[in-house]
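Enquirer: I'll drop the sequence and a predicted model, then ask my questions.
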Amino acid sequence: MPVWQIFYDAPVLILAAVIVACSWLPPLRRRLPLVPPLPGAARPDDPVRVALGVLAVGALLYSVTYELRSYLADGMLLVEYDWWAYADLLLGTCVALLGLTLTITAFRRTPVAPVAPAHPRTWHSFLDAGQLWLLIVPTILLLALATFAGSVSSPDEDGIYRILELDVGEDADGVGGGMLISFFGWAYGLPVAGVALALMLLTLLVLHVNAVRPFLRPETVAAEEASRSTLATLFLLFGAGAVLVTLARATQVVSTAGDITLVRDGYQWETSVSAISPWLFWAALAIQLLGYVLLLMVARIALRRPGALPGPLPDALPDAQSSPATRSRRGLNTRG
């Protein structure tokens, strides 16, 4: 691997950091989800939020150093078949979400003063309409890429579909020729697809656990709703960022393989995906940039110092008839 490829992600990361840095501008800063201060008994909101920020930074660093780790392995990272080679970041994200789900569940406490809900809360109680598409669309694109790449992949000598074969037939002397290229075939695409679907299910699970836990007391409902709304947004951004970075890496592999040509006796042969290789290259950069932006936004929001809710907190819950879903929307739309 050429040394310059180690810095392949650097321009994309710098651009993503510049985009996220713009969130410090007052007009944009006011649109960020609020991180309200909560009483200690209302945990684990603060520890979970900080953990999400740290995990997002870790996922970003792990992704950025992928080329470096490949270089230190002397470019032999994918010579040996490892089914998790492209699913590693998704697997780590699944483990992180499962751990956060268990943490939230372990901290479910009996409220100090019971708050009777008018309607049951579900996984979408603290989400804006359409927010889930941030995770659904990248997952669908990843499944589509895995299907496409798998359909054009070929088996290696062990029958594992992880190469792209550039077959040029036999030469004038009857000797066969061609080239075998490491590729994102079924051997990698199917595990990635399975883990991506598992990640979506775990995201729905942690959103549900985050929503259904009891409120501490009526006086803290507004702050707790704002906190749960922020956590729900962070969970979605974290999962979507991991899927986008994985999609970018797989798209880059397909683009690189498709860009390879074979020249012999004045003739030139191209792969079956050479026509779309340039489009895949730029798509990979755009997807990678978006994935880095989402992970940086998670860190930006999660590690932000808590700020007070605008306006006084209610001393009680006078409108017991108002639904938690309505209160959740008010908390979700509160920005600081």
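Expert: Looks like it arrived, so ask away. Worth saying up front: this structure is predicted, and the values here are computed from it rather than measured.
Enquirer: From what I see, residue 45 and residue 234 are in contact.
Expert: No - Residue 45 sits out of contact with residue 234 when judged by CB atoms under 8 Å, with a separation of 10.8 Å. All C-beta atoms are positioned from the backbone trio N, CA, C, and that covers glycine.
Enquirer: which stretches of the chain have low pLDDT?
Expert: Within the chain, the ranges that satisfy pLDDT under 70 run 1-5, 40-42, 70-79, 109-113, 116-119, 168-178, 263-267, 307-336.
Enquirer: Recalculate using a threshold of 90.
Expert: 1-11, 22-46, 64-85, 105-131, 153-159, 163-183, 185, 211-228, 256-278, 303-336 (pLDDT under 90).
Enquirer: Just give me the longest helix of it.
Expert: helix 221-258 (DSSP state H).
Enquirer: For residue 250, which residues are in contact?
Expert: By CB atoms under 8 Å, 6 or more residues apart in numbering, the contact set of residue 250 is 86, 142, 145-146, 149, 184, 188-189, 192.
Enquirer: let's go with 10 Å and repeat that
Expert: Neighbour list for residue 250: 86-87, 141-142, 145-146, 149, 184, 188-189, 192, 280, 284, 287 [criterion: CB atoms under 10 Å, 6 or more residues apart in numbering].
Enquirer: With residue 163 instead?
Expert: Residue 163 makes contacts with 153-157, 179-183, 185, 187, 257, as judged by CB under 10 Å, 6+ apart.
Enquirer: mind checking the SS state of it?
Expert: Classification of residue 163 using DSSP: H, G, I helix; E, B strand; the rest coil returns strand.
Enquirer: Give the intersection of the neighbour lists for residue 45 and residue 234.
Expert: By CB under 10 Å, 6+ apart, the residues touching both residue 45 and residue 234 are 35, 210.
Enquirer: Among the contacts of residue 250, which lie within helices?
Expert: Going by DSSP H, the helices hold 141-142, 145-146, 149, 188-189, 192, 280, 284, 287 from the contacts of residue 250.
Enquirer: Greatest separation within those: which pair is it?
Expert: 188 and 287 (17.1 Å; CB to CB).
Enquirer: Neighbour count: the two, which is higher?
Expert: For residue 188 versus residue 287, neighbours defined as other CB atoms under 10 Å are more numerous around residue 188 (28 against 24).
Enquirer: ok, residue 164 to residue 153 distance?
Expert: Look at residue 164 and residue 153: by CB to CB, to the nearest Å, they are 6 Å apart.
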